Every structure is written in C-alpha cells, then in structure tokens.
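Peer 1: Build me a model:
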Amino acid sequence: MHDVKPKIFIAPLLLAASLAFAAPATDLPFGAWTRASNEPILSPQGRTWESAGTFNPTVTFFRAKDANKQDPGKFVMLYRAQDAAGTSRLGYAESTDGIHFTPRPDPVLWPETAYEKDGGVEDPRLQKFGDTFYLTYTGYNKKDAQLCLATSRDLIHWDRKGVILPAYKGNWNVAWTKSGAIVPEKIDGKYWMYWLGTAADKTDQMGLSYSTDLIHWTEATDAPVLPRRPEKFDSRVVEPGPPPILAPGGIVLIYNGADDKLVYRTGVAVFDRKDPRKLLSRSDAPIFAPEKEWERAGQVPNVIFVEGMVQQGKRWLFYYGGADKYIGVAEAPSK
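Peer 2: Numbering: from 1, shown residues only. Model (predicted):
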C-alpha cells in the first residue's frame with residue numbers, strides 16, 4: 001500500500017545520481033545495480049485475482065530436500081497479486097534462470113482470517129531456518145494493516161501463525177506494522193527482525209525486534225532504529241526491503257525510501273553484526289530509482305520497491321515492484 005500522488009518525472013541529473021552506486025563507508029557484497037530486464041518480468045493478467053497488479057515479490061532459490069543429484073533447483077517467487085476490487089493474494093511463480101518466470105494459475109495464500117478480510121495478504125518476505133520457510137506478510141482488512149507470519153516447507157502450502165506485531169502498539173509506533181525482514185542467523189542467541197512502523201509525526205520509519213521462537217517478538221529500541229532524514233530521498237518513508245545479508249563488514253539491509261513527494265527509491269544501510277541496533281553506515285544517495293515508464297506510471301506512480309533478493313554465482317538479483325503494478329529485476333556483480 002502506497003499513498004497516491006501526482007506523477008513526478010525525475011530530472012536527468014537526479015536520475016543519473018540515483019543510478020550511481022552510493023556506497024556506505026562499509027564495503028558491500030555487491031557492486032552497482034543495473035536492470036537485468038528493461039521490461040517487466042511479470043505483469044497483471046486475466047480478469048480475476050491478478051488482473052489489476054502483480055508486484056512486490058520475494059524470491060528464493062529452492063531445491064527439495066529429497067531431490068536427486070540431477071535436480072538443479074529452481075527460483076521461486078511469491079508475489080502480491082491484486083484484483084479489480086483491490087483485494088490482494090500471494091501468487092507463486094517458478095524460473096530456471098531467475099529472469100523468466102512461469103506463474104501458477106491459482107494463488108498459494110489468500111485472505112481467510114479477520115485480520116486479512118477484504119484487504120488481503122500483501123508484500124511477502126521469505127527467510128529459511130532449517131527446512132522451514134518463514135513468510136512475513138502484511139495482513140490488511142481495509143481497516144488495519146498488521147505484520148503476520150506463516151510457515152511452509154514447500155512454498156505452496158502455508159500454516160498461519162497469526163499477527164506477530166500488532167498495529168497501534170510499541171515503543172514509538174502509533175499505527176500500522178508492515179515489512180518484516182528477518183536476519184538470516186541468530187545473533188546473541190536471538191532472531192532479529194527489521195520492520196516498518198509509523199511515528200507520532202505520521203512518517204513511516206524502521207523498527208527492530210528480537211525473538212527466541214520467531215513468533216513472539218520484543219521491541220529492541222525505544223526509537224526507530226533507522227529514522228527518516230529530512231530533505232533526503234528517505235525523508236518520508238524508511239521501509240525494510242529483502243531480508244538482510246550477513247557480510248563480513250556487518251548486517252547489510254537494502255531498504256525502500258520515499259521522499260516528501262512519495263517517490264520511492266532504494267537505499268542501503270549496514271548494522272553491526274554483534275549488535276543489530278547499531279547503525280554503522282548508510283547511503284547518502286539512492287542506489288536505484290524509477291526510470292522506465294512502467295516504473296513511473298501504474299497504480300501508484302514513481303515507485304521502485306525492492307523485496308526479493310538471490311545471490312546466483314557471481315551476481316546478485318534484486319526483485320522489485322514497479323509503480324505497484326509490475327515486477328522487475330535488477331542485477332549487480334558479487335564482490
């Protein structure tokens with residue numbers, strides 16, 4: 001869900017700056033981003049559950065535990081699909097190369113509970129521990145949006161665990177909760193998760209919580225762990241992207257930032273590996289921004305919203321929603 005604003009075109013100079021890699025002081029595991037496809041890799045289709053939008057995807061590389069040695073594995077994408085009435089479900093698509101995806105004909109997660117009714121299930125993010133995939137998603141009932149959790153072993157059949165961060169509660173959050181990005185390993189004996197909340201000034205900023213079981217979470221800070229920055233590309237919204245990368249230099253978190261005109265661009269922050277509360281560095285300028293017409297015009301204009309990420313050999317693939325209607329992919333070399 002993004003607020004709708006008039007269409008804004010980015011000046012060439014700003015666009016060039018936004019596409020240049022603005023690295024934090026800490027070394028990152030990837031280089032400059034470029035588009036792996038100039039066209040959407042998934043678009044709305046049909047007249048039913050994914051007719052209005054297919055966007056905001058999470059992606060993982062999956063190989064079944066009992067697969068034979070000849071099985072090369074596959075890329076699996078879970079994406080937000082929206083119908084004409086505005087209800088969201090999660091679609092499933094597969095790929096052998098990470099670029100060309102074939103969707104299943106039916107969604108794999110759809111609104112069933114009171115906290116999902118009418119609005120739906122939105123904006124998934126995946127993390128795997130052992131043989132289990134943990135899916136954080138937004139449950140929206142046209143009244144409240146809350147961060148929820150479901151688990152699966154095959155990415156098709158899901159077991160709901162309920163709301164894990166209730167709306168209107170917390171040390172500083174006064175409204176909805178969304179966008180749970182879970183750190184891939186325990187730190188200090190705990191799981192850690194970055195998420196989105198709304199501060200008293202009605203801006204959306206980033207929080208941090210920890211857990212021993214991935215279901216019950218305790219807030220780790222009294223204020224946003226990654227606050228907004230006035231007059232920068234993230235002056236209005238600071239929202240977690242894909243689950244973080246554990247790199248030698250720290251916890252690398254790609255995030256989605258929006259300015260006062262609600263143009264969404266991509267940033268990156270690095271936190272301490274021993275203390276996920278401690279910010280080490282942060283990009284001064286965005287590393288990716290809307291450029292193509294399908295990224296600037298859609299259900300919500302001027303939105304690049306990254307939620308999926310896979311390392312494939314010597315490159316990284318980053319999956320994003322364009323203008324809340326399409327799915328795109330960017331790539332960067334591994335470092």
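
Peer 1: and Gly197, what are its bridge partners?
Peer 2: Gln205 (DSSP bridges).

Peer 1: Following element in sequence after the worst-scoring helix or strand of the chain on mean pLDDT, please.
Peer 2: Least confident helix or strand of the chain, by mean pLDDT, DSSP states H and E, is helix 12-19 with a mean of 36. Downstream of helix 12-19, the next assigned helix or strand under DSSP states H and E is strand 34-35.

Peer 1: buried sites along the very next helix or strand once past that following strand?
Peer 2: Downstream of strand 34-35, the next assigned helix or strand under DSSP H and E is strand 53-62. Neighbour counts over strand 53-62 (16 or more other CB atoms under 10 Å) mark Gly53, Thr54, Phe55, Asn56, Pro57, Thr58, Val59, Thr60, Phe62 as buried. C-betas here are computed from N, CA, C, even on glycine.

Peer 1: now strand 53-62, how far from the centre of its chain.
Peer 2: Distance of strand 53-62 from the chain centroid (CA atoms, centre = their mean, to the nearest Å) equals 9 Å.

Peer 1: same deal with stretch 198-214?
Peer 2: Its chain's C-alpha centre and that of stretch 198-214 lie 15 Å apart, by CA atoms, centre = their mean.

Peer 1: what about dumping the CA coordinates of that stretch to CSV?
Peer 2: Written as CSV, here are the backbone C-alpha positions of stretch 198-214 (Å, rounded to 0.1, in the frame of the first residue of the first chain):
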residue,chain,number,x,y,z
THR,A,198,4.6,4.9,12.0
ALA,A,199,5.9,7.5,14.3
ALA,A,200,3.9,10.2,16.1
ASP,A,201,4.7,12.7,13.3
LYS,A,202,2.9,10.3,10.8
THR,A,203,6.1,9.4,9.0
ASP,A,204,7.0,5.7,8.4
GLN,A,205,10.3,4.6,9.9
MET,A,206,12.1,1.4,10.7
GLY,A,207,11.9,-0.6,13.9
LEU,A,208,13.8,-3.6,15.3
SER,A,209,12.6,-6.5,17.4
TYR,A,210,14.0,-9.8,18.6
SER,A,211,12.6,-13.3,19.3
THR,A,212,13.6,-16.7,20.6
ASP,A,213,10.9,-18.6,18.6
LEU,A,214,10.1,-16.4,15.6
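
Peer 1: any idea where the strands of the stretch 201-335 of the chain begin and end?
Peer 2: 204-211, 218-219, 237-240, 245-247, 250-258, 264-271, 279-282, 304-312, 315-322, 326-333 (DSSP state E, counting those that start in this stretch).

Peer 1: now these as CSV including mean pLDDT and distance to Glu293?
Peer 2: Shown next, in CSV, are those (pLDDT from 0 to 100; distance: least, CB to CB, whole Å):
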stretch, mean pLDDT, distance to Glu293
strand 204-211, 98, 27
strand 218-219, 98, 41
strand 237-240, 98, 23
strand 245-247, 97, 31
strand 250-258, 98, 20
strand 264-271, 98, 16
strand 279-282, 97, 30
strand 304-312, 97, 13
strand 315-322, 98, 9
strand 326-333, 98, 10
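
Peer 1: Turn those into JSON lines, including distance to Pro124.
Peer 2: JSON lines is the format used below for these (distance: least, CB to CB, whole Å):
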{"stretch": "strand 204-211", "distance to Pro124": "18"}
{"stretch": "strand 218-219", "distance to Pro124": "22"}
{"stretch": "strand 237-240", "distance to Pro124": "13"}
{"stretch": "strand 245-247", "distance to Pro124": "18"}
{"stretch": "strand 250-258", "distance to Pro124": "14"}
{"stretch": "strand 264-271", "distance to Pro124": "18"}
{"stretch": "strand 279-282", "distance to Pro124": "25"}
{"stretch": "strand 304-312", "distance to Pro124": "7"}
{"stretch": "strand 315-322", "distance to Pro124": "11"}
{"stretch": "strand 326-333", "distance to Pro124": "12"}
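
Peer 1: Give me the buried stretch members for stretch 66-78, please.
Peer 2: So stretch 66-78, judged by 16+ other CB under 10 Å, has buried residues Lys74, Phe75, Val76, Met77, Leu78.

Peer 1: got the residue ranges for the strands in the stretch 51-200 of the chain?
Peer 2: Shown for the stretch 51-200 of the chain, the strands assigned by DSSP E, counting those that start in this stretch span residues 53-62, 74-82, 88-95, 102-103, 120-129, 132-140, 145-152, 159-165, 178-182, 191-198.

Peer 1: With respect to Leu317, which of these lies nearest?
Peer 2: When the strands of the stretch 51-200 of the chain are compared by CB to CB, strand 53-62 sits nearest Leu317, at 7.3 Å.

Peer 1: report the angle between the axes of that closest one and strand 315-322?
Peer 2: 160 degrees (axes from the mean of the first three to the mean of the last three CA atoms, to 10 degrees).

Peer 1: Between strand 74-82 and strand 53-62, find me the angle.
Peer 2: 160 degrees.

Peer 1: returning to that earlier point: which one of the buried residues of strand 53-62 is nearest to Gly257?
Peer 2: Checking the buried residues of strand 53-62 one by one against Gly257 (CB to CB), the nearest turns out to be Asn56, at 15.5 Å.

Peer 1: show me what contacts the closest one?
Peer 2: Residues in contact with Asn56, defined by CB atoms under 8 Å, 6 or more residues apart in numbering, are Tyr79, Arg80, Glu122, Asp123, Pro124, Phe305, Glu307, Tyr320, Gly321, Asp324.
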